[in-house]
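[1] Sequence and predicted structure, then a few things I'm wondering about:
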Amino acid sequence: MSVHISAKKGEIAKVVLQPGDPLRAQYIAENFLENAKLVSKTRGIFYYTGTYKGKEITVGASGMGCPSIGIYSYELYTEYKVETIIRIGTCGAYSTDLQLFDILNVENAASESTYAINAWEIEGDLLSHQGNIFETINATANEINVKTKITNIHTSDIFYRKNPNVPAVATKYNCSAVEMEAFALFANAKHLGKNAATILTVSDIIPTQEFISADERETALKPMIELALEAALKSL
C-alpha cells in the first residue's frame with residue numbers, strides 16, 4: 001500500500017496501462033481483462049488487475065496533468081515494483097495533418113512544465129519515451145495491422161489559455177498534438193530506469209474544431225487499447 005494507491009503488495013502487475021480517466025480504466029478492465037479485480041479505489045482513482053490472454057496486467061488511472069501522473073506513476077514504479085507503464089489517452093491535433101481517430105506512438109514529449117527539473121534535476125524541455133516499450137509498440141502495431149504515427153507531442157500544463165496560438169515549445173519541436181501527462185511519466189521513468197510509453201488517439205482537431213462525440217469515444221479508443229494490451233504481453 002502506498003500513499004495514494006491502496007492495493008496490497010503483489011496486487012499490481014509488472015505492466016500497467018494508465019488512462020487518465022478512472023471510468024476508462026473501469027471500462028477496459030470490464031471489457032478486455034478476465035477475472036478483473038478492483039485493487040484500489042482511493043480518491044476515486046480505480047486500479048484493476050486481471051489477465052489478458054493468460055498474462056497478468058493492471059489498468060489504472062493517472063488523473064489529469066503532470067502533478068497527478070507524477071504521483072501515481074512514481075508510486076507504481078517504486079512501491080509496487082512496476083517495470084512498464086503505457087499511458088493511453090486522447091489528444092488534440094495542432095494541425096490538419098492529423099485526422100480524428102489517428103493513433104500516435106509518442107517518440108518525444110516537449111513541455112514548459114518544471115516537473116522534471118524540480119523533481120529530478122533533469123534539464124531540458126524535451127523528454128523521450130523510456131526503455132524498449134516504444135519499439136515493442138511499433139512492432140506490435142505492424143503485426144496486428146494497426147496504423148500508428150510516430151510523432152513528438154506537447155505536454156501542456158494548461159488546458160484553457162488566452163493566446164490561441166500554438167505554444168513556442170510545441171513549434172520548436174514540431175509537435176503534432178497536445179496532451180497533459182507524457183512529459184512527467186517519461187521524467188519519472190528516466191530517473192528510475194523504468195520503461196514508459198504513451199499511445200494517444202486524436203479526439204480533437206484544434207484548427208477546425210472537429211471532435212469525437214462522447215458516443216464515438218468508446219469505439220474509437222478500442223484499437224489503441226488493443227494495441228497497448230498486445231504490446232504489454234510482449235513486455236512480460
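    Cool, got the structure. The structure presented is a predicted model; accordingly, all values stated were derived computationally and were not measured. Residues are numbered from 1 along each chain as shown.

[2] C-alpha only now, for contacts and for neighbours.
    Noted.

[3] I'd say A141 and E135 touch.
    No. A141 is beyond contact range of E135, at 9.9 Å (criterion: C-alpha atoms under 8 Å).

[4] quick one, which of the two is more surrounded?
    Legend: neighbour count by other C-alpha atoms under 10 Å for A141 and E135, higher for A141 (21 against 15).

[5] wait, what's in contact with T155?
    A109, A110, S111, E112, S113, V178, E179, M180, E181, A182, F183 (C-alpha atoms under 8 Å, 6 or more residues apart in numbering).

[6] Would you confirm that the first one belongs to a strand?
    Yes. Following the definition DSSP: H, G, I helix; E, B strand; the rest coil, A109 is counted among the residues of a strand.

[7] Pull out the buried positions in the helix-or-strand element of the chain with minimal mean pLDDT.
    Here the helix or strand of the chain ranked lowest by mean pLDDT, DSSP states H and E is helix 214-220, holding a mean of 76. Buried positions in helix 214-220, judged by neighbour count with 16 or more other C-alpha atoms under 10 Å: A220.

[8] what's in contact with that helix?
    By C-alpha under 8 Å, 6+ apart, helix 214-220 touches F101, T201, S203.

[9] how about the strands in the protein?
    Secondary structure of the chain, counting by DSSP state E: strands at 15-18, 34-40, 47-52, 55-60, 84-93, 103-110, 126-128, 149-155, 177-179, 195-205, 210-211.

[10] re earlier: turn the contacts of T155 into a markdown table, including neighbour count, distance to R161 and pLDDT.
    Shown next, in a markdown table, are the contacts of T155 (neighbours: other C-alpha atoms under 10 Å; distance: C-alpha to C-alpha, whole Å; pLDDT from 0 to 100):
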| residue | neighbour count | distance to R161 | pLDDT |
| --- | --- | --- | --- |
| A109 | 31 | 20 | 98 |
| A110 | 25 | 18 | 98 |
| S111 | 28 | 15 | 98 |
| E112 | 18 | 14 | 97 |
| S113 | 19 | 15 | 97 |
| V178 | 27 | 13 | 98 |
| E179 | 23 | 14 | 98 |
| M180 | 27 | 14 | 98 |
| E181 | 28 | 17 | 98 |
| A182 | 33 | 20 | 98 |
| F183 | 31 | 19 | 98 |
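
[11] before we move on, back to that, gap between the least confident helix or strand of the chain and the chain center?
    18 Å (C-alpha atoms, centre = their mean, to the nearest Å).

[12] And stretch 80-95, by the same measure?
    Remark: stretch 80-95 is offset 1 Å from the chain centroid, using C-alpha atoms, centre = their mean.

[13] CA-only coordinates of it, as CSV, when you get a sec.
    The C-alpha coordinates for stretch 80-95 follow below in CSV (Å, rounded to 0.1, in the frame of the first residue of the first chain):
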residue,chain,number,x,y,z
TYR,A,80,4.8,-1.8,-6.5
LYS,A,81,7.9,-2.6,-8.5
VAL,A,82,6.1,-1.9,-11.8
GLU,A,83,8.6,-2.2,-14.7
THR,A,84,6.5,-0.7,-17.6
ILE,A,85,3.8,1.9,-17.8
ILE,A,86,1.9,2.5,-21.1
ARG,A,87,-0.1,5.7,-20.9
ILE,A,88,-3.2,5.5,-23.2
GLY,A,89,-5.1,8.7,-23.8
THR,A,90,-6.6,11.2,-26.1
CYS,A,91,-5.0,14.4,-27.6
GLY,A,92,-5.8,17.4,-29.6
ALA,A,93,-4.2,17.8,-33.0
TYR,A,94,-2.4,21.1,-33.7
SER,A,95,-2.8,20.8,-37.5
